[in-house]
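[1] Pasting the sequence and the predicted model now:
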Amino acid sequence: MLRALLVATIVGLGFVVLPIDSAVSGAATTLISDHFSHPTSTSNVNVASGGTTQTDGGPLPCLTAGPVPATPTGTIANCNLPSPDVDGSGALMLTDAGFYEESDIIYASSFPTADGLDINFDAHMYGGGGDGSIGFADGISFDLATAPPGPTTIGPPGGALGYAASGSTPGMPHGYLGVGFDEFGNYSNSVSEGSGCTDPSWEHPYAQSNQVTVRGPGNGTIGYCALSSSLEQESDPMDSIQLHGDDFSSYVHVEVVIDPTSKTYSVTLTPTTGADAGVAVPVASGPLPDSYYDAETGDLVSGHIPPQLTFAVAASSGAGNDNHEIDNFDAATKTDTPLTTLALSGTGPASAGLNGSFNLVFTPSVTSKQAEALPVTMDDTLPSNEALTAEPFGTGWDCSATDMTNNVVECVYTPTSGVTGALPAVTIPTKFTSGTIGSSVTDTATVFSSDSLAPASADVSVMLVSVFVPPPSTPNQPSQPQPPPTQPQPPPTQPTPPPTPTPPGPTPPGPTPSPVTPAPVHLFQPVTTVMPTPTPTPTPIPTPVTVPMASLTLSSPAIIPGGSTTASGTGCAPQSPVVLSILSHTVATTTANQVGDFSAPVSPPSGSGQFRVVATCGAVQLTAFLEVVASAESSNPEGGAAVFCVFVLVGVILLRGQFSTSSRQRRRRRRTAADILGTSGD
């Protein structure tokens, strides 16, 4: 019940009570708190390939609580069950005991590894049974992948549990660790891996049911090798723990810990039934892999753990089936070391011409009170119609890892001591190599460190307005003085003027035309063909188009949950309507002023992490990134009243619980495989 007191506002006293476990210990920074208990969710997640469908045609994954909203909202669909769970008591359904189902959620944010990770959730597996000859299947996987960017697809269903490769079918892109809660047993089977693996002695080419197995880094069809398992322990801890339960109430609590200090990982289960009910049992552990697949290039990086990771949860069934659900998902740092918060801003010219070099300038900054003492990395993959003209540079930045051939920028700044505020700017010399006159091209750079709460990004848009023309060099207009002829020339019939440009006017007749000087050619002048004419006339020089810089900035790029910031932008058409949205949902509307500027307050959805704020005005779309940081506040003399009120509130809840416990004992009965098979007539 204490964990249920997430954020309570005491109206009479005017203060906020933080989560009890976080406020008391003050030890960790909360990264995610998604309980999936309500009919809608605005969790910052993606669903690979749009998910799949339930047996009755509904969406997967989905939320089991009701009432079902009349208008679909949020990032996760509602299951629309005939008898939904009560609001506040729901879960995230991944499969519904149908055959050959698979679904997942992938967090759109990434999280630092420098201070460790402590992830907790409840796994519910119940109600299936296959066709009588095949048992419960297949299971749930909790997966870690390198980021940014995070994966947008997962691995195959069945024994691979959405993480590992299977034959020629690739696994989760740039996976780092995949923890499989394996009911049927094929996740610990040697067929659920890619190439290049040396199988441990406990891994067999046949199913090992009711086991927990951890697989390591993989990308495509390479890797995903077995690292550790409950199978390898001398006394199998899973002998007294059953992953499959009788109903929703018989579940296992999962804790996965990543410890960069000892460079280890561990998996612990706490069952709610059986001989070990309520006892935390270590089931798998081992050293962290010291290599990973780069999220941008796919290259294998050796000698390090990833600076940033993201989370995914997947489940699947096959010829066997089961209900697979999770709830009470929480992630926090393992240590009490404060995290830094980074920001990034970018500038560039309003317009540029084809093949004319211009500079993009990005300025990172440390916006947290906690100074940044670890290396800061800035990455930028240029758009396809831009190319680097020189290696990027900036005071104190090492950009030697930049790939000039593929136009991939990588620059590293190593502080000599802890720094706050703006860091030196990075200049990226670039040019347009193609494009349509009048089109805008957006370049996005990202900055992060191994102890930053999340990566920060910035966009710079430049318009292609005209074509660059190099100075002409023709036989009639040599660019360098020519040597005198080496052969005797016949005497001219008329005096020949010296080889200097002739002023405008008629050209005297003769066997050889006199040199003609074309009109001056300027940068960003449209391409034209200069032809000698009897009477040259001045060529008007076009005036370069001046386009206001389109940008979106936030008054506070990092806020706490429930807070707000002001989004201000430029570059819209005058008096045009502006719509601001987060996660595809409108959070504010306004109207641009006479010069195309606008401003409006915005508030993000619940939860923490990085959110993209999008401002749309006609054909113009601007973006900025907002960090929502959930962190504990230190105690102070005025906190005594807050603690007293919390215990009063807890006492009231406990007292009420004595009178209402019986009314909450009943739990919904989900459809079992027998129900499904019975209704089908088999």
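    That came through fine.
[2] Enumerate every residue touching residue 123.
    With CB atoms under 8 Å, 6 or more residues apart in numbering as the criterion, the residues that contact residue 123 are 140, 181, 243, 251, 252, 253, 254, 324, 325, 326. Backbone N, C-alpha and C define where each C-beta goes, glycine included.
[3] who wins for neighbours among the residues you listed?
    residue 324 (35 neighbours; other CB atoms under 10 Å).
[4] quick one, longest strand in the chain?
    With secondary structure taken from DSSP state E, the chain has its longest strand at strand 456-467.
[5] hang on, the earlier thing: quick one: which of the contacts of residue 123 is nearest residue 615?
    For residue 615, the nearest member of the contacts of residue 123 is residue 326. The distance, counting by CB to CB, is 34.6 Å.
[6] Helix or strand: which one has that closest one?
    Assigned by DSSP states H and E, residue 326 belongs to strand 323-332.
[7] Tabulate the CA atom coordinates of that strand in PDB.
    Extracted C-alpha coordinates of strand 323-332, given in PDB (Å, rounded to 0.1, in the frame of the first residue of the first chain):
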ATOM      1  CA  ASN A 323      -2.100 -15.600 -20.700                       C
ATOM      2  CA  HIS A 324       1.000 -13.300 -20.300                       C
ATOM      3  CA  GLU A 325       0.600 -10.000 -18.500                       C
ATOM      4  CA  ILE A 326       2.800  -7.600 -16.500                       C
ATOM      5  CA  ASP A 327       2.100  -4.700 -14.100                       C
ATOM      6  CA  ASN A 328       3.900  -2.600 -11.500                       C
ATOM      7  CA  PHE A 329       6.800  -1.800 -13.800                       C
ATOM      8  CA  ASP A 330       9.400   0.400 -12.000                       C
ATOM      9  CA  ALA A 331      13.000   1.300 -13.000                       C
ATOM     10  CA  ALA A 332      15.500   3.300 -11.000                       C
END
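[8] The nearest residue to residue 60 once chain neighbours are set aside: neighbour count?
    What sits nearest to residue 60 in space, not counting adjacent residues and going by CB to CB, 6 or more residues apart in numbering, is residue 103, at 4.0 Å. Summarising burial for residue 103: neighbours were counted as other CB under 10 Å, giving 29.
[9] And residue 438, by the same measure?
    Summarising burial for residue 438: neighbours were counted as other CB under 10 Å, giving 12.
[10] Residue 198 now?
    Residue 198 has 7 neighbouring residues, counting by other CB under 10 Å.
[11] Now it: closest residue in space, sequence neighbours ignored.
    Nearest one to residue 198, counting by CB to CB, 6+ apart, is residue 225 at 7.2 Å.
[12] For the one you found, give its distance to residue 583.
    The gap separating residue 225 from residue 583 is 36 Å, by CB to CB, to the nearest Å.
[13] And for stretch 296-306, what's in contact with it?
    Outside of stretch 296-306, the residues within contact range by CB under 8 Å, 6+ apart are 113, 146-147, 149, 173-174, 176, 217, 219-220, 260, 263, 288-294, 379, 381, 408.
[14] Any of those buried? List them.
    Of the members of these, the ones counted as buried by neighbours, 16 or more other CB atoms under 10 Å, are 113, 146-147, 149, 173-174, 176, 217, 219-220, 260, 288-289, 292-293, 379, 381, 408.
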